[in-house]
Each structure stands twice: as structure tokens, then as C-alpha cells.
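Trainee: pasting the sequence and the predicted coordinates here, then a few questions.
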Amino acid sequence: MILSGREVLARQLVRNLRHTTQQQPCGIDLTLRQISAWTSAATLDFDNTKRQASKTSILPFTTTNHAITLHPGAYLVDFNETVQVPLNCMGSMFPRSSLWRSGVGITAGVVDAGYEGALGALLEVKNPHGVVLYPDAKLAQIVFEELGETVEGYSGIYQGSRSSVGRDGAGRPENP
């Protein structure tokens, strides 16, 4: 069963909302906190013994109009909102229609049962003219579904993260 936005808020699954208008019929809108670019390669393997996250560099908003212009390419987005997912739910993130109608996409993985912490996603600008984003822009929507049973839950290195680069140190931003 998909939880309504009202139920998500009542259960306090999403925190740090900017405004009550983020509640939607089927989920909660997620808003832009920061954008980063990758500055190194990543290493991934089966058992995480060789895993090394990519380093990132936070891209600044301009001082004149407090916006950021992104050219075509891939970026890492961090949202203002955090989650606390119960052991009988999972989350999925989807782009808002205004984003994909502008030639921009959001891709993210499953938000596992038991995960608590920051949310991030891959932002891909396909529009050849780019996109201008302002702080707190609504970019994605998170939707929660109840599982058929309670599970053990997530216990990986991103548990309790305050940003999408995680807590293993390998992906720490170069300029926080």
C-alpha cells in the first residue's frame, strides 16, 4: 500500500520540510539543498572491501541572484529533507514533472527500510541550454510503500548520513 502524503507526515517519515505545500497526495516533495560535481573516479566491488566513493566539490549559488546555472551533464544533488524509514516501509524517489518537462532528470535508488539520514540523487541535465535552479527548488517526490512484513532494515555506511556522500570518508566533499 502506498502511503498518502498526509500519512507520511503524520508518521514523521520525512523531516526538515521547508513548507507544508511539500505534502502531495502520494508523497512529499524534496527540495534542493546543494549541488556537487564529481572530482574523482569511484571504485565499486562485490563485498565493499575495495569500495571508494568519488570525491565531490560543492558548486556555489551565485551571489547576485542566489541561483545556480547548470550546463548539460551529471551532478549530485542533496535535498534539505531527511528520512526515518520504519522497518515495514520503503521509499522511492521520482522527478517532479516540471523537472523532466525542462529536460532534467533525477535518478535515485531505493530508500531501504530502517534507513535514517540524508537523501541525495543523480541530477542529469539533458537540456542543451541548461537549467537555472534556486535554493529550495522542488526537484523530486518521495513515495513510501508498506512492506508485507517487518524486515531487519538497513545497516550500511550511509546510515545516519548528513549528506549524500556518506560517512565512509572516501567521498567527503573537498570544500564543505
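Mentor: Thanks, I have the structure now. Residues are numbered from 1 along each chain as shown.
Trainee: can you list contacts of stretch 25-32?
Mentor: The contact list for stretch 25-32 (CB atoms under 8 Å, 6 or more residues apart in numbering) reads 2-5, 8-9, 14, 17-18, 21-23, 77-81, 93-94, 96, 119, 133-144. (Each C-beta comes from the backbone N, C-alpha and C, glycine too.)
Trainee: tell me which residues in it are buried?
Mentor: Residues Gly27, Ile28, Asp29, Leu30, Thr31, Leu32 are the ones in stretch 25-32 that count as buried (16 or more other CB atoms under 10 Å).
Trainee: same question, stretch 134-153
Mentor: Ala137, Lys138, Leu139, Ala140, Gln141, Ile142, Val143, Phe144.
Trainee: that stretch - what's its average pLDDT?
Mentor: If you average the pLDDT over stretch 134-153, you get 97.
Trainee: ends of that stretch, what's the gap?
Mentor: End-to-end distance for stretch 134-153: 35 Å, by CA to CA, to the nearest Å.
Trainee: please apply the same query to stretch 75-92.
Mentor: End-to-end distance (CA to CA), stretch 75-92: 19 Å.
Trainee: now for the one helix or strand Met93 maps to, which elements pack on it?
Mentor: According to DSSP states H and E, Met93 maps onto strand 89-95. With contacts taken as 3 or more CB pairs under 8 Å, 6 or more residues apart in numbering; DSSP states H and E, strand 89-95 sits against strand 104-107, strand 138-146.
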